[in-house]
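Engineer: Need the 3D shape of this:
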Amino acid sequence: MTTFVDVFDQLANVAQIVRGCPNVTLRRAYVRAMRDWCSQTQWLRITSGGPTVAGQVLYDLGDDPYLEIIGLYAVSGSNPTLTPPNSWPLTMSNPANWNPLISPGQPLPVAYTPEGQMALNPTPDGVYNMVYNAIVQPKDGVVQVPAQPLKKYSTALEAGALAYLLAMKDTPWHNPGEAAKKQREFGAGISNGKAEVQRNYNTGAQRANPRAFGVAWNAFNRPGGY
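Structural biologist: Now for the predicted structure:
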């Protein structure tokens, strides 16, 4: 379950450096930094799912007031008519390579379709349960952001906000040298986030073939988030 925190509660350290900066500008800079960090690292994800419909290719991945889906990391399917239901991983694929004449059946390839949709191939011939792990980022202009990245990357996100603010010309806090320094700190935070994702969020030796991700249902449609 994703926990959200107020953006303004994260701005004390930033506001001390760019004194006189309007609160709305501080908030936008911080959200901008988190969006950039999430987009580049693909660190923040949610797991959700739902059933297919016979003859339907595209599926809406849902909506949330604070988060937006920017990609798919993994998808698995299962056949509920079997006992026990079998499951299989779908292969991320380019729809340009799909055969439009293939008969409907059990979906095997899958593709992310902007914005916030998933395409299946072949076209489902019945009901299959799909579970997806989606990459997300805060929506532009939100007043609340997910708390999970702040446990390790709050300093990097503050640096990202300051890199943007200190580079603003014709402001009392304009400082290009310090902006460049903060940009390097932000870049290091992005690199660390990418490395953590590559380690599957763990430290030490990793499994050559990690286990499939777990199931959490209807993330965007459940009160309280994920």
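
Engineer: what does stretch 67-78 contact?
Structural biologist: Residues outside stretch 67-78 that contact it (CB atoms under 8 Å, 6 or more residues apart in numbering) are 2, 38-39, 42, 44-46, 61-62, 85-90, 92, 106-107, 110-112, 115-116, 118, 128-139, 146, 212-213. Where you see a C-beta, it was placed from the backbone N, CA and C, and this is true even at glycine.

Engineer: 7 Å - rerun?
Structural biologist: Contacting residues not belonging to stretch 67-78 are listed as 39, 42, 45, 61, 85-90, 92, 107, 110, 112, 116, 118, 128-139, 212-213 [CB atoms under 7 Å, 6 or more residues apart in numbering].

Engineer: Narrow these to those that are buried.
Structural biologist: If you count burial by 16 or more other CB atoms under 10 Å, the buried members of the contacts of stretch 67-78 come out as 39, 42, 45, 61, 90, 107, 110, 112, 116, 118, 128-139, 213.

Engineer: Which residues belonging to the helix or strand containing residue 186 are considered buried?
Structural biologist: If you go by DSSP states H and E, residue 186 is part of helix 176-198. Buried residues in helix 176-198, counting neighbours by 16+ other CB under 10 Å, are found at 178-179, 182-183, 186, 189-190, 193, 196-197.

Engineer: Which two among those are spaced furthest apart?
Structural biologist: 178 and 197 (29.1 Å; CB to CB).

Engineer: mind listing what residue 154 touches?
Structural biologist: Going by CB under 7 Å, 6+ apart, residue 154 touches no other residue.

Engineer: Assumed it was part of a helix.
Structural biologist: Yes: membership of residue 154 in a helix is supported by DSSP: H, G, I helix; E, B strand; the rest coil.

Engineer: rewinding a little: where's the helix holding residue 186 relative to the chain centroid, distance-wise?
Structural biologist: Put simply, helix 176-198 sits 18 Å off its chain's centre (CA atoms, centre = their mean, to the nearest Å).

Engineer: for stretch 165-177, same thing?
Structural biologist: A distance of 30 Å separates the centroid of the chain from that of stretch 165-177, by CA atoms, centre = their mean.
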